[in-house]
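**Q** sequence first, then the predicted structure:
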Amino acid sequence: MKVLFIGKCSPDYLCDSLIHGMYGLLGEEFTHNKPYDLMYTGLASAEALSKRFTLWGDLPEYINDNDDIVKKIENHHYSLIIYGNPYYVTSDGGSCMDHLDLVGKHYSKSEVFFLDGEDAPDIHDTFGYPLFKRELQYDKSGVYPISFAIPISKIATVDTPKTKRLADYKPGMAYAYGTEEEYYQGYRESIYGLTHKKSGWDCMRHYEILANKCIPYFPDIRSCPNTTMVSFPKSTIVETNHLFDDHSADLSDKLEQLFDHTRKHLTTIKLAEYILSTYTTFNTK
């Protein structure tokens, strides 16, 4: 199955989570319209990666083939075309809707997906295409929930002794700790890591905490809409929030439960599988 991703070519947690998962799942069957050098080992600069943890610089080699995109669209070369954040306005006043008129002539509505990974809950015009929205506040026909995800390669493989109740990090401070490894280690050695809603509910920090076998201490999670972060283990985290001040509580089972959920449901591969399974559902009716 061939998939084309059309996007803005600048860091975007949702788009880049999906690019990472699609590459891992489809390899050279997946292509994007722009280079996305930041995603690839050897192409992303050390300076750029010093300010970008988790998703970037992690893909092993650049195998993208984006030659003759126009001709390939006309020949229906791709099974699925994904527009990553088409509502984003570029610095020159343009948008990320390259080739949309051409796509509309050669593809059915069920073969083109829109992603909206922005913080705002507003639902833009989808032009009749299915929309996958990160900050989805309510059920709406033709709009589907979607969330960030974490690479399997960033999930801890060795248990680290817990020496702290709460990690030192506060939301927004990730890059104050030097390297990605130092940042992750702070969570690995802690039972809890503080997180909360910022501009939007979904946040890569939630996944970084879980991937390092740490419990998100998420005080406002009860207010998160049911249609947002639908794969996130909200009920378990509500339970562990209640135990935050109980230093005698044995949290080992909850830690394992959350860690297992992360490996099974919150990876970039699972995100890509979700998109592809939705495509299959739409096109086998």
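**A** Arrived safely, thanks for sending. Nothing here was measured: the structure is a model prediction, and the numbers come from that model. Numbers count the residues shown, from 1 in each chain.
**Q** low-confidence regions, the stretch 101-250 of the chain specifically.
**A** 172-177 (pLDDT under 70).
**Q** please enumerate the strands of it.
**A** Assigned strands in the stretch 101-250 of the chain, in chain order: 112-116, 131-133, 143-145, 164-166, 190-194, 215-217 (criterion: DSSP state E, counting those that start in this stretch).
**Q** of those strands, which is nearest Tyr83?
**A** Tyr83 lies closest, by Cβ to Cβ, to one member of these: strand 112-116, at 5.0 Å. The C-beta positions use only the backbone N, C-alpha and C, and glycine is treated the same way.
**Q** which helices and strands sit right next to that closest one?
**A** helix 13-26, strand 80-84, strand 131-133, helix 268-282 (3 or more Cβ pairs under 8 Å, 6 or more residues apart in numbering; DSSP states H and E).
**Q** mean neighbour count and distance to Cys96 for the ones you listed - can I get that in CSV?
**A** Below are the helices and strands packed on strand 112-116 laid out as CSV (neighbours: other Cβ atoms under 10 Å; distance: least, Cβ to Cβ, whole Å):
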stretch, mean neighbour count, distance to Cys96
helix 13-26, 24, 9
strand 80-84, 24, 7
strand 131-133, 23, 14
helix 268-282, 18, 17
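**Q** any chance of CSV for the ones you listed, columns distance to Thr160?
**A** CSV is the format used below for these (distance: least, Cβ to Cβ, whole Å):
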stretch, distance to Thr160
helix 13-26, 25
strand 80-84, 35
strand 131-133, 35
helix 268-282, 23
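**Q** so which of these comes closest to Glu256?
**A** Closest approach to Glu256 among the helices and strands packed on strand 112-116 is made by helix 268-282 (18.8 Å; Cβ to Cβ).
**Q** now the closest one against strand 112-116, angle please.
**A** Comparing the axes of helix 268-282 and strand 112-116 via axes from the mean of the first three to the mean of the last three Cα atoms, to 10 degrees yields an angle of 140 degrees.
**Q** distance of the residue of the chain most remote from its centre from Leu102?
**A** The outermost residue of the chain relative to its centre, with distances by Cα atoms, centre = their mean, is Ser248 at 35.0 Å. Computed as Cβ to Cβ, to the nearest Å, the Ser248 to Leu102 distance reads 64 Å.
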